[in-house]
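Visitor: fold the following.
(one chain, ligands or ions: 1)
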Amino acid sequence: MSRTPIIAGNWKMFKTVSESTAFVQDVKGKAEVAGVESVICAPFTNLPALVEAVKGTSIKIGAQNMHFEDNGAFTGEISGIMLKDLGVEYVILGHSERRAYFAESDEIVNKKMHAAFKHGLTPIVCVGEKLEEREAGQTKDVCKVQTEAAFQGLSAEQATKVVIAYEPIWAIGTGKSSTAADANEVISYIRELVKGLYGEQVANAVRIQYGGSVKPENVQEYMGQSDIDGALVGGASLQPASYIALVEGAK
Ligand code: 13P
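Guide: A predicted model of the protein is given here:
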């Protein structure tokens, strides 16, 4: 079973509209490699301009969060309907920064997964352990709880489309990346969990990224592993040259 590698840039809270469109001008035709999917996940404010800027390219646009309700009295929130209406295709859900700073629970992440599918958005759902949990030998337990909760109630057809990002929290923005072998071990385990839930066919089709201090210098090492299908990249996705190198490195 061959899975299309997927590189997604998570810009977090960086870039203005003009910086975003300038970025696309710089990466157009370069961060477009046959057989690799390239997705830019940007702040909400930049999404309309980015959707417009990538027209005619193979680059796709994602959001970094969304609310699970379609609309309502939720001051400051953005819904799946709104994202879909803009032409956004992906949405990151359950990023550890959202779990840590905005109290997103596994239950909320699951509601958002259902909302994403309701509106035809592809979720990139993040799971991963804290440093204390790794040191206590709980990495797999944490990933099991988060993965099973995220997939709760999804059909096999939906599950196949999900992109999972395994992001050990201690490796995010720290320059301390997981070794490729360690990341592959956890990612293989997550694939086993999906197999337990949906069977072999879905498990073989689902794409699982590694995230945490990925850069052009180490992306190939991750991509060389049996179960790693791409990367979710923060810091190194912000500069055009670096983003291009990441997409090229995922081939
Ligand atoms: P860094 O690539 O900056 O470590 O961030 C990883 C991340 O959180 C991507 O979602």
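
Visitor: quick one: the strands in the stretch 1-150 of the chain?
Guide: For the stretch 1-150 of the chain, the strands defined by DSSP state E, counting those that start in this stretch occupy 6-10, 37-41, 60-63, 90-93, 122-127.

Visitor: run through the helices of the stretch 1-150 of the chain in chain order.
Guide: Ranges of helices within the stretch 1-150 of the chain are 17-27, 47-53, 80-86, 96-101, 106-118, 131-135, 139-151, based on DSSP state H, counting those that start in this stretch.

Visitor: quick one: is stretch 211-229 near the ligand?
Guide: Yes - counting by CB under 6 Å from any ligand atom, the ligand is contacted by stretch 211-229 at Gly211, Gly212, Ser213, Val214. To be clear about C-beta, it is placed using only N, CA and C from the backbone, and glycine gets the same treatment.

Visitor: enumerate the residues of this structure near the ligand.
Guide: Residues of the chain lying near the ligand (CB under 6 Å from any ligand atom): 10, 95, 167, 172-173, 211-214, 232-236.

Visitor: in JSON lines, list these along with distance to Tyr101, pLDDT and secondary structure.
Guide: Compiled in JSON lines, the residues of the chain next to the ligand are given as follows (distance: CB to CB, whole Å; pLDDT from 0 to 100; DSSP: H, G, I helix; E, B strand; the rest coil):
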{"residue": "Asn10", "distance to Tyr101": "15", "pLDDT": "98", "secondary structure": "strand"}
{"residue": "His95", "distance to Tyr101": "10", "pLDDT": "98", "secondary structure": "coil"}
{"residue": "Glu167", "distance to Tyr101": "15", "pLDDT": "97", "secondary structure": "coil"}
{"residue": "Ile172", "distance to Tyr101": "13", "pLDDT": "91", "secondary structure": "coil"}
{"residue": "Gly173", "distance to Tyr101": "13", "pLDDT": "89", "secondary structure": "coil"}
{"residue": "Gly211", "distance to Tyr101": "17", "pLDDT": "97", "secondary structure": "strand"}
{"residue": "Gly212", "distance to Tyr101": "17", "pLDDT": "96", "secondary structure": "coil"}
{"residue": "Ser213", "distance to Tyr101": "19", "pLDDT": "95", "secondary structure": "coil"}
{"residue": "Val214", "distance to Tyr101": "22", "pLDDT": "96", "secondary structure": "coil"}
{"residue": "Leu232", "distance to Tyr101": "18", "pLDDT": "98", "secondary structure": "strand"}
{"residue": "Val233", "distance to Tyr101": "20", "pLDDT": "98", "secondary structure": "strand"}
{"residue": "Gly234", "distance to Tyr101": "15", "pLDDT": "98", "secondary structure": "coil"}
{"residue": "Gly235", "distance to Tyr101": "18", "pLDDT": "97", "secondary structure": "helix"}
{"residue": "Ala236", "distance to Tyr101": "22", "pLDDT": "98", "secondary structure": "helix"}
